[in-house]
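[1] Have a look; sequence and predicted model below, questions after that.
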Amino acid sequence: MSIFKKVLWAIFSLIGAFAFGIATRIINVSEHVNAIWILIAAICIYIIAYRFYSAFLAAKVVALNDNNRTPAKIFDDGHDYDPTNKWVLFGHHFAAIAGAGPLIGPVLAAQFGYLPGMLWILIGSVMAGSVHDFIILVFSTRRNGKSLAEIAKAEVGPIAGFTAMLATYFIITVALAGLGMVVVKALAHSSWGTFTIGATIPIAILMGFYLRKIRPGKIKEVSIIGVILLILAVVFGKNFQDNPTLAHLLTFDEKTITLLLVTYGLFASILPVWMLLAPRDYLSTYMKIGTIALLALGIIFMRPYIVFPTVTHFASGGGPIIPGPIFPYLFITIACGAISGFHALISTGTTPKMINVESDARVIGYGAMLTEGFVSLMALIAATSLSPGDYFLINSQLPDNILASMGFTADKIRWFEAEIGVALEHRTGGAVTLAVGMANILSGIPGMDKFIAYWYNFALMFEALFILTTIDAGTRVARFIVQEFFGYFYKPLKNYNWTPGLIFTSLFVVFCWGYLIWTGSISTIWPMFGISNQLLAGLALTISTTILIKMKKIRYIWVTLIPMIAMLVITLTTSVMQISYYQTQLQKPNITSLEAFTLNLDTILVAIMALLAIIIVVDNVLKWKRFASEPYKEPVSGGDKSKVPTVALTD
């Protein structure tokens with residue numbers, strides 16, 4: 001690197017450090033923080049992290065090599081294995097990993113104040129989440145694109161492999177139910193949202209055929225067509241809402257939305273990736289990144305102040321939204337924005353089967369996670385730029401007089417209700433709070449102050465679209481896991497191209513997560529989602545650490561070992577606390593039989609996931625000393641695509 005570049009990077013780093021100092025109130029302690037300083041600090045930190053830390057990981061830790069043929073090229077079948085343009089695949093991967101977590105989690109965690117969430121997002125996404133996504137993606141790409149469980153079986157042993165398969169399926173089912181529940185809540189009784197989200201399906205299919213059959217390789221053309229059609233879908237959606245006859249056709253209750261969601265998940269799991277999954281996720285990414293860019297633009301124009309305290313008195317527990325203390329509940333509430341085990345399922349599921357060359361894994365694995373971290377910070381800013389009184393009145397069940405006695409007085413909520421035209425009190429779950437915060441900021445863009453109602457509805461649709469793209473990819477990954485599991489008993493099921501097997505396993509998957517949505521609620525599913533999500537991240541980091549030890553990369557294992565220990569301590573602690581909470585709830589008088597059944601089921605699921613995780617970690621750690629001394633050469637993709645490549649020992 002030249003002297004000139006070193007000076008430029010030094011100046012850039014100083015700007016980031018100064019912005020971070022103001023954002024954390026190390027500088028100007030007595031003043032409220034302007035959100036623009038959080039924006040500048042995040043941009044500087046993420047650019048520096050990608051330029052230097054991801055380059056270190058790529059060159060020293062995993063040693064990316066474009067001479068290694070990827071599974072997409074070796075097994076190209078036009079269905080699951082399909083060499084894909086780097087930016088199209090970035091779009092699919094980002095859309096698949098960026099679900100409810102980066103949007104809803106920071107909004108809920110704002111209860112603790114803005115600073116804890118901001119620090120966890122910045123530090124976690126750089127040092128844990130992006131490392132987790134990138135390294136496990138590379139390891140899967142070098143092993144025929146196989147799942148986390150198959151990698152665990154080949155690299156650690158049959159006990160780790162079998163328990164990892166059970167754990168990942170339990171976890172992904174709960175995760176899909178948690179994500180799906182948010183979509184159901186967002187689209188229920190919303191004809192505008194249903195029309196726009198539904199329109200993305202035929203638009204994506206058109207894009208898939210255009211790129212595959214009509215004009216192969218014409219990415220710019222299909223992108224322009226897709227974006228124009230998406231904008232038209234958003235604009236015409238308002239016509240559906242304003243016309244009573246049309247609105248009636250697309251206004252569904254939660255049960256109907258659940259059935260439609262299950263049907264979509266089924267077809268997204270079965271159809272070839274180029275036909276629906278990849279183009280729809282690519283299209284969705286334009287809306288996602290475009291909306292976040294607009295939000296950043298709104299922050300620049302509006303320059304909102306963060307009126308929340310750095311840390312609230314709810315840090316010790318007893319909050320109206322999250323009853324538990326800041327440790328460990330902050331770290332499972334903000335999941336995907338800092339680190340998420342669900343990403344490991346995508347990084348060992350659809351994405352490694354579509355990577356064109358190994359070097360693409362850096363921008364896709366590390367870069368997409370940084371992008372998601374940025375999304376989380378935007379959500380946190382949107383929530384904490386509201387007054388605490390408005391925030392708690394929208395996002396909790398406490399009446400305004402109780403909140404006032406706690407020091408949280410409502411400010412602009414009546415004005416918001418008048419402008420938007422809906423009641424906002426006690427709309428819990430985070431989605432409405434985020435939509436109000438986003439609408440408030442986006443209306444600050446010059447000429448947009450009269451469109452706050454439009455921005456509110458647009459934000460709700462944005463949230464639903466954000467999450468739905470995780471449902472389709474997650475269902476497909478779960479189908480891979482089920483095929484591998486049942487393939488032990490009936491070998492044809494391991495063949496990804498066998499149509500009866502695809503249909504049977506896809507039906508099995510959508511039934512499992514669909515049943516949890518049908519019978520559960522956001523309050524019963526979301527805590528399990530947070531625990532299971534972060535628990536899986538700990539498992540993926542454990543397996544990654546084991547592989548690095550086998551590769552004799554002992555000097556570099558800290559990159560996965562430190563976040564691994566942190567996630568396991570956090571999630572196992574939360575598991576014990578959550579089981580205790582369920583048991584306390586069971587002791588309440590007048591509890592119904594259905595509520596008792598749900599709480600007992602939740603207790604069993606959390607206990608099973610924690611037990612399986614302990615078995616996997618112990619099985620790995622007990623073998624580390626032996627693995628460190630045994631000769632080993634990392635495999636490359638090839639051979640039988642239904643298996644992890646045989647490990648070749650060094651002389």
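    Looks like it arrived, so ask away. Numbers count the residues shown, from 1 in each chain.
[2] When you work out contacts or count neighbours from here on, use the C-alpha atoms and nothing else.
    OK.
[3] The helix or strand hosting L295: what's the following helix or strand?
    Per DSSP states H and E, L295 falls inside helix 277-302. Next along the chain after helix 277-302, taking DSSP H and E as the criterion, comes strand 305-306.
[4] what's that next one packed up against?
    strand 33-34 (3 or more Cα pairs under 8 Å, 6 or more residues apart in numbering; DSSP states H and E).
[5] List the buried residues in the helix holding L295.
    Buried residues in helix 277-302, defined by neighbour count with 16 or more other Cα atoms under 10 Å: 277-289, 291-292, 294-302.
[6] Tell me which other helices or strands that helix touches.
    Partner elements for helix 277-302 (3+ Cα pairs under 8 Å, 6+ apart): helix 35-48, helix 86-97, helix 191-209, helix 219-242, helix 368-384, helix 431-442, helix 452-487.
[7] the inter-axis angle of it versus helix 431-442?
    Calculated by axes from the mean of the first three to the mean of the last three Cα atoms, to 10 degrees, helix 277-302 forms an angle of 50 degrees with helix 431-442.
[8] Using PDB, write down the CA coordinates of the helix or strand hosting G514.
    Counting by DSSP H and E, the element that carries G514 is helix 499-519. Written as PDB, here are the backbone C-alpha positions of helix 499-519 (Å, rounded to 0.1, in the frame of the first residue of the first chain):
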ATOM      1  CA  THR A 499     -39.500 -35.100  -7.700                       C
ATOM      2  CA  PRO A 500     -41.500 -37.300  -5.300                       C
ATOM      3  CA  GLY A 501     -38.800 -36.800  -2.600                       C
ATOM      4  CA  LEU A 502     -38.800 -33.000  -3.200                       C
ATOM      5  CA  ILE A 503     -42.600 -32.800  -2.800                       C
ATOM      6  CA  PHE A 504     -42.700 -35.100   0.300                       C
ATOM      7  CA  THR A 505     -39.900 -33.400   2.200                       C
ATOM      8  CA  SER A 506     -41.100 -29.900   1.300                       C
ATOM      9  CA  LEU A 507     -44.600 -30.700   2.500                       C
ATOM     10  CA  PHE A 508     -43.100 -32.100   5.700                       C
ATOM     11  CA  VAL A 509     -41.100 -28.800   6.300                       C
ATOM     12  CA  VAL A 510     -43.900 -26.400   5.600                       C
ATOM     13  CA  PHE A 511     -46.300 -28.400   7.800                       C
ATOM     14  CA  CYS A 512     -44.000 -28.200  10.800                       C
ATOM     15  CA  TRP A 513     -43.400 -24.400  10.800                       C
ATOM     16  CA  GLY A 514     -46.900 -23.700   9.500                       C
ATOM     17  CA  TYR A 515     -48.400 -25.700  12.500                       C
ATOM     18  CA  LEU A 516     -46.400 -23.600  15.000                       C
ATOM     19  CA  ILE A 517     -47.700 -20.400  13.400                       C
ATOM     20  CA  TRP A 518     -51.300 -21.700  13.200                       C
ATOM     21  CA  THR A 519     -51.400 -22.700  16.900                       C
END
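[9] Other residues contacting that helix?
    173-174, 176-178, 180-181, 255, 258-259, 262, 265-266, 269-270, 475-476, 478-479, 482-483, 492-493, 495-496, 525 (Cα atoms under 8 Å, 6 or more residues apart in numbering).
[10] now these: which count as buried?
    When the contacts of helix 499-519 are checked for burial by 16+ other Cα under 10 Å, the buried set is 173-174, 176-178, 180-181, 258-259, 262, 265-266, 269-270, 475-476, 478-479, 482-483, 493, 495-496, 525.
[11] if we can go back for a sec, of the helices and strands packed on helix 277-302, give the one that comes closest to F314.
    helix 368-384 (15.1 Å; Cα to Cα).
[12] Just after the closest one, pick out the following helix or strand.
    Next along the chain after helix 368-384, taking DSSP H and E as the criterion, comes helix 388-395.
[13] Relative to the whole chain's centre, how far out is that next one?
    Offset of helix 388-395 from its chain centre (Cα atoms, centre = their mean, to the nearest Å): 25 Å.
[14] Neighbours of G78, how many?
    Using other Cα atoms under 10 Å, G78 has 15 neighbouring residues.
[15] where does this structure dip in pLDDT?
    Scanning the chain for pLDDT under 70 picks out the ranges 30-31, 100, 466, 520-526, 642, 646-651.
[16] residues touching the residue nearest to V621 when sequence neighbours are not counted, list them.
    Closest residue to V621 apart from its sequence neighbours, by Cα to Cα, 6 or more residues apart in numbering: T546 at 7.9 Å. Contact partners of T546, counting by Cα under 8 Å, 6+ apart, are 155-156, 620-621, 624, 627.
[17] what's the most distant pair in these?
    Using Cα to Cα, those span at most 12.7 Å, a distance reached by E155 and V621.
[18] Please say which of these two ends up with more neighbours.
    The neighbour comparison of E155 against V621 (other Cα under 10 Å) goes to E155, with 22 against 16.
[19] Not counting sequence-adjacent ones, nearest residue to the more buried one?
    I547 is the one closest to E155 (Cα to Cα, 6+ apart), at 7.0 Å.
[20] The one you found belongs to a helix, doesn't it?
    Yes. Per DSSP: H, G, I helix; E, B strand; the rest coil, I547 lies within a helix segment.
[21] any idea how far it is from A59?
    16 Å (Cα to Cα, to the nearest Å).
[22] What strand or helix carries A418?
    A418 belongs to helix 413-420 when assigned by DSSP H and E.
[23] sorry, back to before: now the helices and strands packed on helix 277-302 in TSV, with distance to M354?
    What follows is the helices and strands packed on helix 277-302, written out as TSV (distance: least, Cα to Cα, whole Å):
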stretch	distance to M354
helix 35-48	26
helix 86-97	7
helix 191-209	15
helix 219-242	16
helix 368-384	15
helix 431-442	32
helix 452-487	13
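[24] Quick check: which of the ones you listed is nearest to Y632?
    Y632 sits nearest to helix 452-487 of all those, at 25.8 Å, using Cα to Cα.
[25] what's the angle from that closest one to helix 413-420?
    Using the same axes, to 10 degrees: helix 452-487 against helix 413-420 is 90 degrees.
[26] Tell me the buried residues in helix 452-487?
    For helix 452-487, by 16+ other Cα under 10 Å, it's 452-485, 487.
[27] picking that back up, buried residues, the helix holding G514. List them.
    In helix 499-519, counting by 16+ other Cα under 10 Å, buried: 501-502, 505-514, 516-518.
[28] Stretch 96-116 too?
    Buried-residue list, stretch 96-116, by 16+ other Cα under 10 Å: 96-116.
[29] go on, stretch 387-398?
    Here stretch 387-398 shows 387-396 as buried, counting by 16+ other Cα under 10 Å.
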